[in-house]
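>>> Provided below are the primary sequence and the corresponding predicted coordinates.
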Amino acid sequence: MHPPQHYERWYHADGRGTSARRSTGGCRRSPAHADVHSALPVAWHNSTWIGNRTVDFLREHRDQSFCVWASFPDPHHPFDAPEPWCRLHHPDDVDLPDTGRSTSTNAMAASRGARRRPADGNEGTARVSRALSRTPSQTDRQLRDLIANYYGMISLIDHQVGRIRQAVRDNGLEDNTLIVYSTDHGDWLGDHGLLLKGPMAYEGLLRIGLLFEGPGVPQGKLVADRYRRSIWRRPSAIRRHPRCQPCTAAACAR
């Protein structure tokens, strides 16, 4: 269940994906950067595909030891949640970042400078970075539009994770399954006047969630709020739940 290879093979099989997209009449774009209300039917979206495959896997392997990694590509640039998820959050209801225009000049200058000086010394890397990572300044209205769409992408994933958790219960796996939910990084979404990610390590990129659910995991417990490395997740989970080997384990991550 690793996109894009498996999903793309499924999507383009027999030309069905192309036909499904054309039959919807196209996408609606807003003035915001890469902000699109996708015409792709929800049933064909990669978040739905990941959810469906994970639910099927749990049903087919409920009598076996397993570990399944459900990796959702979204939320990600471009901001293109499908209908109706792209309209689930109204732009007027989203909060704009506190660290906005007042700090944007220095941040954007630092971002431009870092892209002019590639870390690996390769000018080809710098050209790609300048071409693909530079985003124009956004008005407050544009920021609200793309943030609302981004939230729609998250909500669609939340829906699929809810389906996966329900499948764990429906298949009688809740007593010996550990669920881990996390991501790799955040998005600036207007913090310091920037979009996307890197190269500066601002908190909006680094402060990500890490949730555990399963037997022996206390509900509502907040662990010390401090930095952890992503590479610690697997050994920490195994130490916390030694029954994960060889008992069942489900890992749900972005």
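Good, I have the coordinates.

>>> residue 209: neighbour count?
Close neighbours of residue 209, defined as other C-beta atoms under 10 Å, add up to 9. Placement of C-beta: from N, CA and C, glycine included.

>>> and it, what does it touch?
Applying C-beta atoms under 8 Å, 6 or more residues apart in numbering to residue 209 gives the contacts 181-183.

>>> which parts of the stretch 1-150 of the chain are strands?
28-29, 36-37, 67-71 (DSSP state E, counting those that start in this stretch).

>>> by mean pLDDT, show me the worst of those.
Lowest mean pLDDT of the strands of the stretch 1-150 of the chain: strand 28-29, a mean of 76.

>>> tell me the helices and strands packed up against that one.
strand 36-37 (3 or more C-beta pairs under 8 Å, 6 or more residues apart in numbering; DSSP states H and E).

>>> residues contacting the strand it packs on, please?
27-30, 78-83, 86-87, 149.

>>> got CSV for the strands of the stretch 1-150 of the chain, with distance to residue 55 and mean neighbour count too?
Listed next are the strands of the stretch 1-150 of the chain as CSV, based on distance: least, C-beta to C-beta, whole Å; neighbours: other C-beta atoms under 10 Å:
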stretch, distance to residue 55, mean neighbour count
strand 28-29, 30, 12
strand 36-37, 27, 20
strand 67-71, 9, 17
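
>>> so can I have JSON lines of the ones you listed showing distance to residue 188?
Below are the strands of the stretch 1-150 of the chain laid out as JSON lines (distance: least, C-beta to C-beta, whole Å):
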{"stretch": "strand 28-29", "distance to residue 188": "21"}
{"stretch": "strand 36-37", "distance to residue 188": "19"}
{"stretch": "strand 67-71", "distance to residue 188": "22"}
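
>>> nearest to residue 201, of these?
For the strands of the stretch 1-150 of the chain, proximity to residue 201 was assessed by C-beta to C-beta; strand 67-71 is nearest, at 23.3 Å.

>>> in its sheet, what does the closest one sit against?
Strand pairing for strand 67-71, determined by DSSP bridges: strand 249-253 (parallel).

>>> going along the chain, name the helices of the stretch 1-150 of the chain.
5-12, 16-22, 46-60, 104-116, 123-133, 140-170 (DSSP state H, counting those that start in this stretch).

>>> mean pLDDT lowest where, among the ones you listed?
helix 104-116 has the lowest average pLDDT among those, namely a mean of 55.

>>> residue 46 contacts residue 73, doesn't it?
Yes - with contact defined as C-beta atoms under 8 Å, residue 46 counts as touching residue 73 (5.7 Å).

>>> wait, which of the contacts of strand 36-37 is closest to residue 205?
For those, the nearest to residue 205 is residue 79 (16.7 Å; C-beta to C-beta).

>>> any idea how many residues pack against that closest one?
For residue 79, using other C-beta under 10 Å, the count is 28.

>>> quickly note the distance from it to residue 155.
13 Å (C-beta to C-beta, to the nearest Å).

>>> so what sits against both of the two?
Counting by C-beta under 8 Å, 6+ apart, nothing touches both residue 79 and residue 155.

>>> neighbour-wise, which of residue 46 and residue 73 wins?
residue 46 (19 against 14).

>>> ok, and for stretch 86-97, which residues are buried?
86, 88-89, 91, 94, 97 (16 or more other C-beta atoms under 10 Å).

>>> okay, who's weakest in the contacts of strand 36-37 by pLDDT?
residue 27 (67).

>>> tell me which residues in stretch 205-224 are buried?
205, 212-214.

>>> typo on my end, stretch 157-167
Buried-residue list, stretch 157-167, by 16+ other C-beta under 10 Å: 157, 160-161, 163-165, 167.

>>> wait, which of the residues you listed is closest to residue 187?
residue 157 (13.8 Å).

>>> for residue 32, see how far away the closest one is.
For residue 157, the distance to residue 32 - C-beta to C-beta - is 21 Å.

>>> kindly report the same for residue 8.
On the measure of C-beta to C-beta, residue 8 and residue 32 end up 27 Å apart.
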